[in-house]
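J.: Below is the structure, and that's it, no one-letter string:
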């Protein structure tokens, strides 16, 4: 297992990383990708140990398509879950990395900036801290609340 380490909390049990990749592969089988033929599956691990999966769902109006990572986050939030440890993402080819797109990196950062991202490598899981994939992320503190004057 390869790990791009960035801090003391950036480790994950190798067996758990493989299990998350397996669940992401199983979810990928349900992806709806008739336009790109690029099915993606994701498995999101919550801090309480639950796993939420997601798949990409495409639409003829391409902008309305949803990525697997965002689908997993939405599923977890809909179940009342907050706080996540890791997300595994797989694309159409086993053994080849499929990192989250930029929009998903931002959504994942909002969900939990300390999350680890697991992708497939030629010799096993590759674990990368989300903060390494999205440096200088736009954060909640960057949004100013403005009072509306009548």
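T.: Structure's in. What do you need? Keep in mind that what you see is a predicted model, and the values were worked out from it rather than measured. Numbers count the residues shown, from 1 in each chain.

J.: only C-alpha atoms for contact and neighbour calcs from this point on.
T.: OK.

J.: Quick one: the strands in this structure, in order.
T.: With strands called from DSSP state E, the chain shows them at 2-3, 41-46, 51-55, 84-90, 116-121, 124-129.

J.: List the pairing partners of the third one within its sheet, with orientation.
T.: Strands adjacent to strand 51-55 in the sheet, as given by DSSP bridges, are strand 41-46 (antiparallel).

J.: Could you do the fourth one as well?
T.: Pairing partners of strand 84-90, with direction, according to DSSP bridges: strand 41-46 (antiparallel), strand 116-121 (parallel).

J.: Turn those into TSV, including mean pLDDT.
T.: Output for the strands paired with strand 84-90, formatted as TSV (pLDDT from 0 to 100):
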stretch	mean pLDDT
strand 41-46	98
strand 116-121	97
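
J.: Check the ones you listed for me and report the most buried one.
T.: Compared across the strands paired with strand 84-90, strand 41-46 shows the largest average neighbour count, a mean of 29 (mean count of other CA atoms under 10 Å).

J.: Could you tell me how far it lies from the centre of the chain?
T.: 6 Å (CA atoms, centre = their mean, to the nearest Å).

J.: how much does the helix ranked longest in the chain deviate in direction from strand 84-90?
T.: Secondary structure of the chain per DSSP state H: the longest helix is helix 14-28. Helix 14-28 runs at 60 degrees relative to strand 84-90, counting by axes from the mean of the first three to the mean of the last three CA atoms, to 10 degrees.

J.: Helix 14-28 relative to strand 124-129, how many degrees between them?
T.: Using the same axes, to 10 degrees: helix 14-28 against strand 124-129 is 100 degrees.

J.: ok, residue 11 - how many residues close by?
T.: 18 (other CA atoms under 10 Å).

J.: If you could redo that for residue 98, that was the one I meant.
T.: Residue 98 has 19 nearby residues by other CA under 10 Å.

J.: now residue 22
T.: Count around residue 22 with other CA under 10 Å applied: 18.

J.: Provide a list of residues in contact with it.
T.: Residues near residue 22 by CA atoms under 8 Å, 6 or more residues apart in numbering: none.

J.: just to revisit the earlier point, for residue 24, which of the strands paired with strand 84-90 is the nearest?
T.: For these, proximity to residue 24 was assessed by CA to CA; strand 41-46 is nearest, at 4.4 Å.
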